[in-house]
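**Student:** Mind folding the following:
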Amino acid sequence: MAKFKRILLKLSGESLMGEKKYGIDEKRLGEYAQQIKEIHDMGVQIGIVIGGGNIFRGLTGAGKGFDRVKGDQMGMLATVINSLGLSSALVAAGVKARVLTAIRMEPIGEFYTKWKAIEAMENGEVVIMSAGTGNPFFTTDTGSSLRGIEIEADVMLKGTRVDGIYTADPEKDPTATKFDEITYDEVLARGLKVMDLTATCMCKENNLPIIVFDMDTVGNLKKVISGENIGTMVHP
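**Tutor:** All right, here's what the predicted structure looks like:
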């Protein structure tokens with residue numbers, strides 16, 4: 001039984017690299033598509049936002065001399081490339097998928113509106129919402145918070161390569177301990193890097209719970225949807 005009826009799944013661009021140093025690893029893409037298919041077959045309505053860090057990250061580009069606005073626009077286009085890749089993998093797995101873009105770029109994808117996204121999900125399509133918010137100075141974390149609130153998702157699932165939220169970065173600090181659950185206020189007070197500040201505040205103000213979990217372990221997405229206690233729940 002699915003615990004959630006409609007979800008916003010946030011995927012990391014970096015995770016799509018898999019074993020590679022850049023770009024998209026076809027094996028990882030296929031694993032993601034199969035995991036999404038599993039929960040789609042359970043009747044869950046799925047909206048997805050993917051980052052673009054495996055191709056280009058605007059903020060990093062700005063640090064290397066790129067104009068920040070142009071750098072962010074390049075990052076938005078990177079998310080569109082990832083979205084097209086995932087939609088292709090989903091269709092190959094037998095799942096209907098639709099790419100919507102926050103910037104007009106037909107015929108690559110349809111221009112995003114809340115109602116178009118909800119209608120497609122209710123018709124059984126997986127909706128991939130790309131190009132961030134369409135504005136510079138916003139991350140894809142903020143884009144996923146915004147889209148999750150707009151499409152009236154029950155929860156945002158943030159798939160990362162770490163199995164939850166820790167007191168410190170577990171990849172750098174071996175003494176870091178994991179939270180099973182934590183409030184938005186505590187995330188903000190401790191300065192934990194779950195998502196950027198804007199995204200966290202948006203979820204807090206609109207009561208959108210977040211579950212941070214390890215998406216790279218095959219089968220975890222279905223476990224989260226089934227209500228198993230993996231990852232970390234962030235709640236009001």
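
**Student:** what's downstream of the helix or strand of the chain at the bottom of the mean pLDDT ranking, the next helix or strand?
**Tutor:** One helix or strand of the chain scores below all others by mean pLDDT, DSSP states H and E: helix 58-63, with a mean of 73. For helix 58-63, the following helix or strand on the C-terminal side (DSSP states H and E) is helix 68-92.

**Student:** re the thing from before, excluding its own residues, what touches the least confident helix or strand of the chain? List them.
**Tutor:** For helix 58-63, contacts defined as C-beta atoms under 8 Å, 6 or more residues apart in numbering pick out 66, 68, 71-76, 136. C-beta here means a position set from N, CA and C on the backbone, and glycine is covered the same way.

**Student:** Swap in 6 Å and give it another go.
**Tutor:** The contact list for helix 58-63 (C-beta atoms under 6 Å, 6 or more residues apart in numbering) reads 68, 71-72, 75.

**Student:** now the residues you listed in CSV, with distance to Ala131 and neighbour count?
**Tutor:** Putting the contacts of helix 58-63 into CSV (distance: C-beta to C-beta, whole Å; neighbours: other C-beta atoms under 10 Å) gives the following:
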residue, distance to Ala131, neighbour count
Arg68, 17, 14
Gly71, 14, 21
Asp72, 10, 24
Gly75, 9, 27
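
**Student:** Of these, just say which sits nearest to Val49.
**Tutor:** Gly75 (12.9 Å; C-beta to C-beta).

**Student:** Against Ile50, how distant is the residue lying closest to that closest one once chain neighbours are set aside?
**Tutor:** Leaving aside its sequence neighbours, Gly75 sits nearest to Gly58 (C-beta to C-beta, 6 or more residues apart in numbering; 3.7 Å). Distance, Gly58 to Ile50, by C-beta to C-beta, to the nearest Å: 15 Å.

**Student:** mind showing which ranges of this protein have poor pLDDT?
**Tutor:** For the chain, applying pLDDT under 70 flags the ranges 61.

**Student:** Tell me where it has helices.
**Tutor:** Secondary structure of the chain (DSSP state H): helices located at 26-40, 58-63, 68-92, 114-122, 140-150, 184-190, 197-205, 220-225.
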